[in-house]
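Asker: Would you be able to build a 3D model of this:
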Amino acid sequence: MFQTWNIPKEKVHVILRDNARNMVKAMKDAGWQSLGCMAHTLQLAVHEGVLSQRSISDIAAIGRRIVGHFKHSPLAYSRLQNVQKDLSQTPKRLQQDVATRWNSTYYMLKSLHEQKRALGAYVADFDLPDTFSASQWGLIENMLSLLEPFEELTQKISKASTSAADVIPSVMALKRFLGKEVASDHGVKTSKATLLEAVSRRLPRWRKSPSIVWQLS
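Answerer: The predicted structure is shown next:
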């Protein structure tokens, strides 16, 4: 490939790749230094550390049923809009999530949390397929606080102007955040600890490689 593109081998320092095993093996067999896809690694870490937790997956399932109700019923959505207007809120659609993107679940739960008052008023007069308990609403709030730095990092690394050199300090800041205890940890301590373990294990260990750190600096 490098010969086809006339790229001298000595100019190739680090190759960015996806996390497929065949790609990892190919880079290793060829003797190339390589970095995995950061966005995909974050997806795996968040899914393992948070979305696979029973309490969180139950909340996500309830959220999907609520969002799906308004998505498939124009009448229900119209009623929700009226409730939002009555509460002096700007009418907003609830966001549906996508299984392959962890932050879409974050956005879905965030949109539901933002419309907590409207949904509470709606359910007083109309039916919903499911609702959140008071403790689940509290868990949603704390989970959003836990995942906010992951969303910020995902947005950062998705920019065309972001380089691999930006990732190392971001990962270190993320690990420091996960290692601190805060008031919003209530209900998500297990998820936070599992996230820290997943991040430490899955995110690149190339910061320990002087050659790669030097090449990215």
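
Asker: and residue 31, backbone torsions?
Answerer: Main-chain torsions, residue 31, degrees, to the nearest 10: phi 80, psi 20.

Asker: Now do it against residue 17, distance only.
Answerer: Going from residue 31 to residue 17 by CB to CB, to the nearest Å gives 14 Å. From N, CA and C alone the C-beta is placed, and that goes for glycine too.

Asker: So which of those two has more stuff around it?
Answerer: residue 17 (16 against 7; other CB atoms under 10 Å).

Asker: which one is that one nearest to, not counting chain neighbours?
Answerer: Closest residue in space to residue 17, ignoring its immediate chain neighbours: residue 23 at 4.6 Å, by CB to CB, 6 or more residues apart in numbering.

Asker: Low-confidence stretches in this structure?
Answerer: Counting by pLDDT under 70, the ranges of the chain that qualify are 1, 164, 204-217.

Asker: OK, contacts around the spatially most central residue of it?
Answerer: For the chain, the residue nearest the mean C-alpha position is residue 103 (3.6 Å; CA atoms, centre = their mean). Residues near residue 103 by CB atoms under 8 Å, 6 or more residues apart in numbering: 150-151, 154.

Asker: same deal with residue 17?
Answerer: Residue 17 touches 23-24, 27, 34-37, counting by CB under 8 Å, 6+ apart.

Asker: Give the other helices and strands that the helix or strand harbouring residue 176 contacts.
Answerer: Residue 176 belongs to helix 167-179 when elements are defined using DSSP states H and E. The helices and strands touching helix 167-179, judged by 3 or more CB pairs under 8 Å, 6 or more residues apart in numbering; DSSP states H and E, are helix 134-157, helix 189-202.

Asker: could you pull out the strands for this protein?
Answerer: Taking DSSP state E as the test, the strands found in the chain are 15-16, 34-35.

Asker: closest to residue 77 out of the ones you listed?
Answerer: strand 15-16 (42.0 Å; CB to CB).

Asker: which strands and helices sit next to the closest one?
Answerer: strand 34-35.

Asker: Residue 48: how many residues sit nearby?
Answerer: By other CB under 10 Å, 17 other residues sit near residue 48.

Asker: wait, it sits on residue 199?
Answerer: No - using CB atoms under 8 Å, residue 48 makes no contact with residue 199, being 9.6 Å away.

Asker: what's the burial count for residue 76?
Answerer: Residue 76 is flanked by 16 other residues according to other CB under 10 Å.

Asker: In contact with it: list those residues for me.
Answerer: Here residue 76 is in contact with 69-70, 126 (CB under 8 Å, 6+ apart).

Asker: Please apply the same query to residue 198.
Answerer: 44-46, 48-49.

Asker: Any chance of the residues you listed in TSV with distance to residue 161 as columns?
Answerer: Formatted as TSV, the contacts of residue 198 follow (distance: CB to CB, whole Å):
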residue	distance to residue 161
44	25
45	24
46	24
48	29
49	28
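
Asker: Any quick PyMOL command for the buried ones out of the residues you listed?
Answerer: Listed next is the PyMOL selection for buried residues among the contacts of residue 198, using 16 or more other CB atoms under 10 Å:
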select buried, resi 44+45+46+48+49
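
Asker: Report the two of the contacts of residue 198 separated the most.
Answerer: 44 and 49 (9.3 Å).
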